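# Need coordinates for the following:
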Amino acid sequence: MMQAVVIGSGMMGKAIALDLCTHTSFDDVIVVDKSNKAVNNMKQDLDDFDISYQQLDVTDKKEVSHLLKEAMVCISAIPYMFNLSLTNQAIEHGVNFIDLGGNNTIVQQQRSLFQKAKEHQVTVIPDMGLAPGLVSILTKAIVETYDSVEEVTIRVGGLPVHPKPPLEYEIVFSSNGLINEYMEPALVLDREKVKELPSMTAVETLHFPEPFGSLEAFLTSGGCSTLPYTYQDRIRYLDYKTIRYPGHCEKMKTLLDLGFGSIQPIQLGSQEIVPRDLLISMLRKYLSSSGKDVVLLRVIGKGKQKELKIRTTYECIDYFDEVTNCTAMMRMTGYPVSITADLIARGIIDQHGVFCPEEIIPTDPFFQELPRREIHIKKIEERGS
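The predicted model follows:
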């Protein structure tokens, strides 16, 4: 019996569990969460699927140890601050581990466990999801195709289909994670040098087919993860930008410049509050988290193949799924994770250690799985002398 454990019963955990049950080799899926209410909500949503549920506190090592006894793969779909501890515990129990990432520092700490994971014959893949994750594998496909790569530009955004002012945005994943992306430095690879640039800068205009039309994209943190380091000697220039409806960047940047993203407590009358907690509360209060969404993706590579100039564009527009009641962001983030878990279960991924997606996930088997989930990425190649 092959068992997969999913930690976290939120939006991404739900998508991962659903896909593990419907499209993979696993015959035993367990979902755990600290919140009994969240567990029960998922149980109601996925009532037709054979999933076991438990209430569990991941900070309790004894509980986690008991949870991992029979698992082949453990997947973390909870905030990144828990991932290092969970990685250590998974390795100690000989359990393969995948997470959604979200913080470059945590990922580097996980990577320091490479030898430990190898000795325990465990595969650890942090930063797997949409961006990083799916876009990392698209970048890998470009590098594998080209003799030399001049440029890779990655543009991704999760957007409401029907945007509403003032931010033209809805909550499609963790609000805390969103603020991190907007505040932490963005990594850019420029002529073999990895540079840190301020997020929410370098705003550009791009176009998608109607009804989207003109949109904006700007530098954000985390989306390219380790790509600038992995391909430092293979790609001349690489950057990652987040797609939003026009005007969003300026409005959000104003709030963050005023300190609303800070985690340092401030005194407000007789109470002490954390500005970020206040901002998150207000975002949750005034922004929808249940509207129909869309994920827009465009990865463009430029370079040479056999002395011919080549430009490859990967493009995807993915919508809310009415059948499964999964948002586009849930699909595009969660399904790549379950595909990766299945590639481990099937022995297609069989290296041991700690690897980011582009270092270990084979492109062809991975891409073959996407259409089975109705995720369709259009590839356009243009060649010239």
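# CA only for contacts and neighbour counts going forward, please
Fine.
# Thought residue 226 was touching residue 111, still the case?
No - with contact defined as C-alpha atoms under 8 Å, residue 111 and residue 226 do not form a contacting pair (10.7 Å).
# Between those two, point out the one with more neighbours.
When neighbours are counted by other C-alpha atoms under 10 Å, residue 111 and residue 226 differ, and residue 226 comes out ahead with 22 against 19.
# That one reaches residue 355, doesn't it?
No - Residue 226 sits out of contact with residue 355 when judged by C-alpha under 8 Å, with a separation of 9.9 Å.
# so which strand or helix has residue 30?
Following DSSP states H and E, one finds residue 30 within strand 28-33.
# Mind checking what helix or strand follows that strand in sequence?
Using DSSP H and E, the helix or strand that follows strand 28-33 towards the C-terminus is helix 36-45.
# can you give me the helices in the stretch 1-150 of the chain?
In the stretch 1-150 of the chain, helices defined by DSSP state H, counting those that start in this stretch lie at 11-23, 36-45, 61-67, 83-92, 104-111, 114-119, 135-145, listed in chain order.
# out of the ones you listed, nearest to residue 181?
helix 104-111 (10.6 Å; C-alpha to C-alpha).
# What is that closest one packed up against?
Packed against helix 104-111, as judged by 3 or more C-alpha pairs under 8 Å, 6 or more residues apart in numbering; DSSP states H and E, are the following elements: helix 83-92.
# For the helix it packs on, could you pull out the residues that count as buried?
Residues of helix 83-92 classed as buried by neighbour count (16 or more other C-alpha atoms under 10 Å): 83, 84, 86, 87, 89, 90, 91, 92.
# Surely residue 121 is in contact with residue 350?
No - distance between residue 121 and residue 350: 9.3 Å, which falls outside the contact criterion (C-alpha under 8 Å).
# dump the residue contacts of residue 30.
The neighbourhood of residue 30, defined by C-alpha atoms under 8 Å, 6 or more residues apart in numbering, consists of 3, 4, 5, 6, 51, 52, 53, 54.
# Show me what it is bridged to.
The bridge-partner assignment for residue 30, based on DSSP bridges, gives residue 5, residue 52.
# what's the pLDDT at it?
According to the predicted model, the pLDDT of residue 30 comes to 94.
# Kindly provide the distance from it to residue 17.
8 Å (C-alpha to C-alpha, to the nearest Å).
# Common neighbours of the two, please.
Residues touching both residue 30 and residue 17 by C-alpha under 8 Å, 6+ apart: 6, 51.
# Out of the buried residues of helix 83-92, flag the one nearest to residue 286.
Of the buried residues of helix 83-92, the one sitting nearest to residue 286 (C-alpha to C-alpha) turns out to be residue 83, at 29.8 Å.
# Double-check the closest one against residue 76; I have them as touching.
Yes - using C-alpha under 8 Å as the test, residue 83 is close enough to residue 76 to be in contact (7.0 Å).
# Can you list the low-confidence ranges for the stretch 251-385 of the chain?
Low-confidence segments of the stretch 251-385 of the chain, defined by pLDDT under 70: 385.
# mind running it again at 80?
288-291, 384-385 (pLDDT under 80).
# how about the helices in it?
With helices called from DSSP H, counting those that start in this stretch, the stretch 251-385 of the chain shows them at 275-286, 328-345, 357-360, 363-369.
# contacting residues around the third one?
Applying C-alpha under 8 Å, 6+ apart, the contact partners of helix 357-360 are 125-128, 133, 136-137, 139-140, 227, 230, 349, 351.
# 7 Å instead?
Contact with helix 357-360 is made by 125, 128, 133, 136, 137, 140, as judged by C-alpha atoms under 7 Å, 6 or more residues apart in numbering.
# Now rank these by neighbours and give me the top one.
With neighbours taken as other C-alpha under 10 Å, the top of these is residue 125, carrying 30 neighbours.
# And that one, what's its pLDDT?
Reported pLDDT at residue 125 in the predicted model: 98.
# related to what we said a few turns ago, can you redo the contacts of residue 30 as CSV with pLDDT and neighbour count?
Converted to CSV, those look like this (pLDDT from 0 to 100; neighbours: other C-alpha atoms under 10 Å):
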residue, pLDDT, neighbour count
3, 94, 19
4, 95, 30
5, 96, 25
6, 96, 27
51, 88, 18
52, 88, 13
53, 90, 19
54, 89, 16
